[in-house]
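Asker: turn this into a structure:
(chains A and B)
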2 protein chains.
Amino acid sequence: MPWTPTPEDDRRFMDLALAQARKSWDEGGVPIGAVLVHDGEVLAAGHNQRFQKDSAILHGETDTIEKAGRLPASVYRSSVLYTTLSPCIMCAGTALLYEIPRIVVGENRTFEMSEALLAERGVQVDVLDDPACLALMERMLAERPALWSEDIGVEAGETAKAAR
Amino acid sequence: MPWTPTPEDDRRFMDLALAQARKSWDEGGVPIGAVLVHDGEVLAAGHNQRFQKDSAILHGETDTIEKAGRLPASVYRSSVLYTTLSPCIMCAGTALLYEIPRIVVGENRTFEMSEALLAERGVQVDVLDDPACLALMERMLAERPALWSEDIGVEAGETAKAAR
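Answerer: Numbering: from 1, shown residues only, chains lettered A, B, ... in the order given. All right, here's what the predicted structure looks like:
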């Protein structure tokens, strides 16, 4: 029988993603973390690496998928991706390429760009609306706004794409 | 006046992307290359790194964007991305995140996954239908089919997503 995470499992894996986000914040970076889980086992945990590695493509989700290494299609197709923030379209596209069927999102109040696209293409997106994920992103927006703008491809002071 | 590439410019930059694809093939990898060009200047050139770096996220386009480093939004928004093969949805999503306005594609006969999404969102996609890009991918499909299936997130023997 395929593994089905309980709400307690979701909470536990989101806490791991949140720990990654906090680590990234403490390092001076963007506080977004993720974990990829298959059959109840954590395949990889990662976080945004824009600041740490001067990376334009290592968001929380893509860093995690990169860390998970080369996997057969069947593994992605029965995995769950946990991420502290609603995925941007690069990360959504990555999940769609590998047909990850479910994404659990910490919060989508500070940023939301691709949930409609994911839903349209059959991905189950569950938003926990977690106060700790939200508080961390609110701190990011207040204290490192230029880094955040850069991370979502907008100029400093521009409104995020989602709100346009 | 903003720079507008001529057909000769497009040919020249596609040849650079093709050189990257050939390099990747010679290394035992997936023969897809790309270059990012701004104001007539090559910001970065890259290629698929699945085989070389055991990477699940470094496709030709994302490797190139990664190599270009951290750029202001305004630079992406006036750049052209050249890629030897039509982008998968991860790479299309990356271009959409950074609002790259134009993508020049070597060929889309062996794979096409996201041109409709790109067009829908205002990206200009120009397909050169280049015989050299096509020949390289046909060799890939014939000689390294398992690596190719893995790269596009399907099991060996499954039809590519585009054709489903």
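
Asker: going forward, measure contacts and count neighbours with C-alpha atoms only.
Answerer: OK.

Asker: my guess is residue A:34 is in a strand, correct?
Answerer: Yes - note on residue A:34: a strand contains this position according to DSSP: H, G, I helix; E, B strand; the rest coil.

Asker: please name the bridge partners of it.
Answerer: Applying DSSP bridges to residue A:34 gives these bridge partners: residue A:46, residue A:83.

Asker: which residues sit in contact with it?
Answerer: Applying C-alpha atoms under 8 Å, 6 or more residues apart in numbering or on different chains to residue A:34 gives the contacts A:14, A:16-18, A:20-21, A:45-47, A:60-61, A:64, A:81-84.

Asker: one more time with 10 Å
Answerer: Shown in contact with residue A:34 (C-alpha atoms under 10 Å, 6 or more residues apart in numbering or on different chains): A:13-21, A:44-48, A:59-65, A:81-85, A:104-106.

Asker: repeat that for residue A:22.
Answerer: Taking C-alpha under 10 Å, 6+ apart, we find residue A:22 in contact with A:16, A:28, A:29, A:30, A:31, A:32, A:33, A:47, A:133, A:136.

Asker: what about 8 Å?
Answerer: Taking C-alpha under 8 Å, 6+ apart, we find residue A:22 in contact with A:31, A:32, A:33, A:136.

Asker: from residue A:16, how far out is it?
Answerer: Separation of residue A:22 from residue A:16 (C-alpha to C-alpha, to the nearest Å): 10 Å.

Asker: same thing with residue A:76?
Answerer: Counting by C-alpha to C-alpha - residue A:76 and residue A:16 are separated by 19 Å.

Asker: now stretch A:5-22 - C-alpha only, PDB.
Answerer: Output of stretch A:5-22 as PDB, limited to C-alpha atoms (Å, rounded to 0.1, in the frame of the first residue of the first chain):
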ATOM      1  CA  PRO A   5       1.100  11.100   5.200                       C
ATOM      2  CA  THR A   6      -1.100  11.900   8.200                       C
ATOM      3  CA  PRO A   7      -1.500  15.600   9.300                       C
ATOM      4  CA  GLU A   8       1.100  14.800  12.000                       C
ATOM      5  CA  ASP A   9       3.500  13.600   9.300                       C
ATOM      6  CA  ASP A  10       2.900  16.800   7.300                       C
ATOM      7  CA  ARG A  11       3.600  18.900  10.500                       C
ATOM      8  CA  ARG A  12       6.800  16.900  11.200                       C
ATOM      9  CA  PHE A  13       8.100  17.300   7.600                       C
ATOM     10  CA  MET A  14       7.100  21.000   7.500                       C
ATOM     11  CA  ASP A  15       9.100  21.500  10.700                       C
ATOM     12  CA  LEU A  16      12.200  20.000   9.000                       C
ATOM     13  CA  ALA A  17      11.600  22.400   6.100                       C
ATOM     14  CA  LEU A  18      11.300  25.300   8.600                       C
ATOM     15  CA  ALA A  19      14.500  24.300  10.300                       C
ATOM     16  CA  GLN A  20      16.200  24.600   6.900                       C
ATOM     17  CA  ALA A  21      14.600  28.000   6.300                       C
ATOM     18  CA  ARG A  22      15.900  29.200   9.700                       C
END
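
Asker: buried residues in that stretch, which are they?
Answerer: A:10, A:11, A:13, A:14, A:15, A:16, A:17, A:18, A:19, A:20, A:21, A:22 (16 or more other C-alpha atoms under 10 Å in any protein chain shown).
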